[in-house]
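Student: after the sequence you'll find the predicted model.
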Amino acid sequence: MSDAISGMLGRLPSGLFIFTARSADGQETGMLTSWVQQAGFEPPAITVAVNSKRYLRDWLTVGAIAGLSQLGETQKSLLGKFGKGFEPGEPAFDGVETETSPSGLTMLKDALGWIEGPVTGILESGDHAIVLMEITSASLGPRHAEERPWVHLRKNGLKY
């Protein structure tokens, strides 16, 4: 790939979020994600890109409930915790203050806020799956009015 492609992809701004998902047997995990985009007004919808190699990808089927907690620009401590990922069965939310969403998902209490809803579609896209979610509930967190969302840029758009 050319340096221009890599450079331009890396400069596409994105936020930082903790993506929460639950397996069919009730296991739950969280992962750091940045490729999130609003995808509709009515109904409200978003897309989230998930690396196909992550075991969490297998949990994301049409009808599964998932959620996103939005990170603020001062929440650097959460990058180390969620950026490395978790092994199956490893507790993702230990040591982090959480709350429970209406559907029972674990969300970050100290985030700018969170949204959740069912997966309504999945598009396989090379090494990632694009997960479409309808947003059915949300909460504004304690940082929502005072703190800016974390905007993420990369030097190289061809790797994390």
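Tutor: Received, thanks.
Student: contacts, neighbours, all on C-alpha from now
Tutor: OK.
Student: and Gly80, that's in a helix?
Tutor: Yes: looking at Gly80 with DSSP: H, G, I helix; E, B strand; the rest coil, it is inside a helix.
Student: touching the longest strand along the chain from outside, list them.
Tutor: For the chain, the strand with the greatest residue count under DSSP state E is strand 113-125. Here strand 113-125 makes contact (Cα atoms under 8 Å, 6 or more residues apart in numbering) with 60-70, 101, 107-108, 129-144.
Student: helices and strands around the helix or strand following it, which ones?
Tutor: Going down the chain from strand 113-125, the next helix or strand is strand 128-134, by DSSP states H and E. The helices and strands touching strand 128-134, judged by 3 or more Cα pairs under 8 Å, 6 or more residues apart in numbering; DSSP states H and E, are strand 45-51, strand 113-125.
Student: re the thing from before, list the buried residues of the longest strand of the chain.
Tutor: By neighbour count on 16 or more other Cα atoms under 10 Å, the buried set for strand 113-125 is 113-120, 122.
Student: before we move on, the earlier item: let's have the helices and strands packed on strand 128-134 in a markdown table, adding mean pLDDT and distance to Glu97.
Tutor: As requested, the helices and strands packed on strand 128-134 are exported to a markdown table (pLDDT from 0 to 100; distance: least, Cα to Cα, whole Å):
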| stretch | mean pLDDT | distance to Glu97 |
| --- | --- | --- |
| strand 45-51 | 97 | 24 |
| strand 113-125 | 98 | 13 |
